[in-house]
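S.K.: Need coordinates for the following:
(one chain, ligands or ions: 2)
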Amino acid sequence: MKPFGYVVAPDPAAAVAMVTGRPGAAFLGGGTNLVDLMKLGVVAPDMLVDVTGLLPGRIERTPGGGLRIGAGVRNSDLAADPQVRAEFPVLAQAVLAGASGQLRNMATVGGNLLQRTRCLYFQDVTKPCNKRTPGSGCPARAGDHRNLAILGGSPHCVATHPSDMAVALAALDAVVHVEGAAGPRAIPLSGLYRLPGDEPDRETTMERGDLITAVEVPALKYAGNSAYRKVRDRASYAFGVASVAAALDVAGGVVQDVRLALGAVAPVPWRARLAEQVLAGRPATAEWFGRAADAELAAAAPLRDNAFKVTLVRNIVVRMLCVLAGLPAGDTP
Ligand SMILES: Cc1cc2nc3c(=O)[nH]c(=O)nc-3n(C[C@H](O)[C@H](O)[C@H](O)COP(=O)(O)OP(=O)(O)OC[C@H]3O[C@@H](n4cnc5c(N)ncnc54)[C@H](O)[C@@H]3O)c2cc1C
Ligand code: SF4
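M.R.: Ligands and ions are numbered 1, 2, ... in the order given. As a prediction, the model looks like this:
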């Protein structure tokens, strides 16, 4: 590993200045992704700016009934927070579905949002990869892509976004607060991540030196009726093969409102807005839930070995919405 310096920044403004002014510097959260990538030689910062002590580690209620989650909050604390568990179960379940207990004890909210893809070629510096080395090619398209994207990919990259938490936050319309060289600003989560297009190395709309300070989750009156389901290859900790975050409001058997986001199927946490539109004002039945999933998945462009994800996502969506609507989960139509 390349030698690197380590500094504890005294406050957010100093941390931003240190990373903005030094091309080789990087923020250090819990280090559970960054340090792994340094050991693999995927990234090689010459200075780590530790921000864990200076970012808010609190979860606060906002005046409207939402949450403001400090970027320094550890994943374990977020998942265990009684208010999050009761009022935003989708978020608590998504965080708990990620990594292991030990990792969640270290991982921070800010770092979780900016963790890098688990595409095997990205993590193997002996292989080409457009995301790691722009213009070098994408061996995943012809190679191992079973776990990669069916939505939103490009000829240049079909990696999936790895975060479970970000999928729940996408469904909840979260807003990311950032401190940058020009001061603070707020970025809707829906505008934080970029699709790969022909620049897969540019993953977010953040600028160099931007520090995530907090995530705000707006109030949602039916967020208590929400859930996260993740399918993975084994029961122990593993990244998702496909996942769904959902919240549902039903009255008199009719869908009043719904939030849906898909994970592990696209380069970004995928808000399923087409499915949401199909369901608005429709009967809360398995048949309509299936139609909504089909509408969203019509744009899927699976590769040789991951077409199974289309059926898998449809089944998860239908079953979850049945459960949230109080219908028997039964056989998926
Ligand atoms: C074995 C294993 C299994 C895992 N399984 C899952 C899983 O199933 N689901 C899942 O979602 N995750 C999983 N993870 C990933 C884990 O959740 C992330 O590594 C973790 O959330 C990253 O948080 P961190 O604070 O350690 O970030 P770090 O590793 O410290 O940082 C990650 C990136 O974010 C940047 N950064 C950190 N904090 C900030 C900030 N405040 N502002 C701006 N930039 C910042 C860093 O510079 C770096 O680029 C797994 C990890 C491992 C090792
Ligand atoms: S899918 Fe993306 S991350 Fe994976 S090899 Fe291709 S360019 Fe690299």
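S.K.: Just checking stretch 15-33 against ligand 1, any contact.
M.R.: Yes - Stretch 15-33 reaches ligand 1 (CB under 6 Å from any ligand atom) through 26, 27, 28, 29, 30, 31, 32, 33. The C-beta positions use only the backbone N, C-alpha and C, and glycine is treated the same way.
S.K.: The last one contacts residue 111, correct?
M.R.: Yes - Residue 33 lies in contact with residue 111 (CB atoms under 8 Å); the separation is 6.6 Å.
S.K.: Get me the contact residues on the stretch 101-250 of the chain for ligand 1.
M.R.: So the stretch 101-250 of the chain meets ligand 1 at 103, 106-108, 110-112, 114-115, 162-165, 211-212, 237, 239 (CB under 6 Å from any ligand atom).
S.K.: are any of these buried, and which?
M.R.: Among those, those scoring as buried are 106-108, 110-112, 114-115, 162-165, 211-212, 239 (criterion: 16 or more other CB atoms under 10 Å).
S.K.: now, which of these lie within strands?
M.R.: Members of those lying in strands (criterion: DSSP state E): 211, 212.
S.K.: And the buried ones among the residues of the stretch 101-250 of the chain next to ligand 1, which is closest to ligand 2?
M.R.: Nearest to ligand 2, judged by CB to the nearest ligand atom, of these is residue 162 at 11.1 Å.
S.K.: Who are the contact partners of that closest one?
M.R.: 115, 116, 117, 118, 239, 264 (CB atoms under 8 Å, 6 or more residues apart in numbering).
S.K.: Give me the distance between the closest residue to it other than its chain neighbours and residue 145.
M.R.: Leaving out its chain neighbours, the residue that sits closest to residue 162 by CB to CB, 6 or more residues apart in numbering is residue 118, at 5.1 Å. Counting by CB to CB, to the nearest Å, the gap from residue 118 to residue 145 is 12 Å.
S.K.: again with residue 19
M.R.: Taking CB to CB, one finds residue 19 at 33 Å from residue 145.
S.K.: for residue 256, same thing?
M.R.: Applying CB to CB to residue 256 and residue 145 gives a distance of 39 Å.
S.K.: Counting neighbours, go ahead and name the busier of these two.
M.R.: residue 145 (24 against 15; other CB atoms under 10 Å).
S.K.: Would you check how far apart the residue nearest to residue 162 and residue 82 are?
M.R.: 31 Å.
S.K.: And the two? Which one has more around it.
M.R.: Taking neighbours as other CB under 10 Å, residue 118 and residue 82 compare with residue 118 leading, 18 against 8.
S.K.: so who does that one touch?
M.R.: Residues near residue 118 by CB under 8 Å, 6+ apart: 147, 160, 162, 239.
S.K.: near ligand 2, which residues of this protein show up?
M.R.: Residues of the chain lying near ligand 2 by CB under 6 Å from any ligand atom: 117, 119, 121-122, 129-131, 138-140, 148, 157-159, 200.
S.K.: can we see that at 5 Å?
M.R.: Residues of the chain that fall close to ligand 2, judged by CB under 5 Å from any ligand atom: 119, 121, 122, 129, 130, 131, 138, 140, 157, 158, 159.
S.K.: List just the nearest of those residues to residue 183.
M.R.: When the residues of the chain next to ligand 2 are compared for distance to residue 183 (CB to CB), residue 131 wins out at 30.0 Å.
S.K.: so the closest one, which of the three states?
M.R.: coil (DSSP: H, G, I helix; E, B strand; the rest coil).
S.K.: Setting the sequence-adjacent residues aside, check what's closest to it.
M.R.: residue 200 (4.3 Å).
S.K.: which residues sit in contact with that neighbour?
M.R.: So residue 200 contacts 130, 131, 134, 138, 154, 156, 157, 159, 267 (CB under 8 Å, 6+ apart).
S.K.: The third one: neighbour count?
M.R.: The reference is to residue 134. 13.
S.K.: Just send the residues of stretch 15-33 next to ligand 1 back as a markdown table, with secondary structure and neighbour count too.
M.R.: Formatted as a markdown table, the residues of stretch 15-33 next to ligand 1 follow (DSSP: H, G, I helix; E, B strand; the rest coil; neighbours: other CB atoms under 10 Å):
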| residue | secondary structure | neighbour count |
| --- | --- | --- |
| 26 | strand | 17 |
| 27 | strand | 26 |
| 28 | strand | 23 |
| 29 | coil | 25 |
| 30 | coil | 21 |
| 31 | coil | 16 |
| 32 | coil | 20 |
| 33 | coil | 21 |
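S.K.: okay, those residues in CSV with distance to residue 318 next?
M.R.: Below are the residues of stretch 15-33 next to ligand 1 laid out as CSV (distance: CB to CB, whole Å):
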residue, distance to residue 318
26, 42
27, 40
28, 42
29, 36
30, 36
31, 39
32, 34
33, 33
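S.K.: of all the residues you listed, which comes closest to ligand 2?
M.R.: Closest to ligand 2, out of all of those and judged by CB to the nearest ligand atom, is residue 33, at 14.5 Å.
S.K.: what's that closest one in contact with, if anything?
M.R.: Residue 33 sits next to 111, 115, 116 when contact means CB under 8 Å, 6+ apart.
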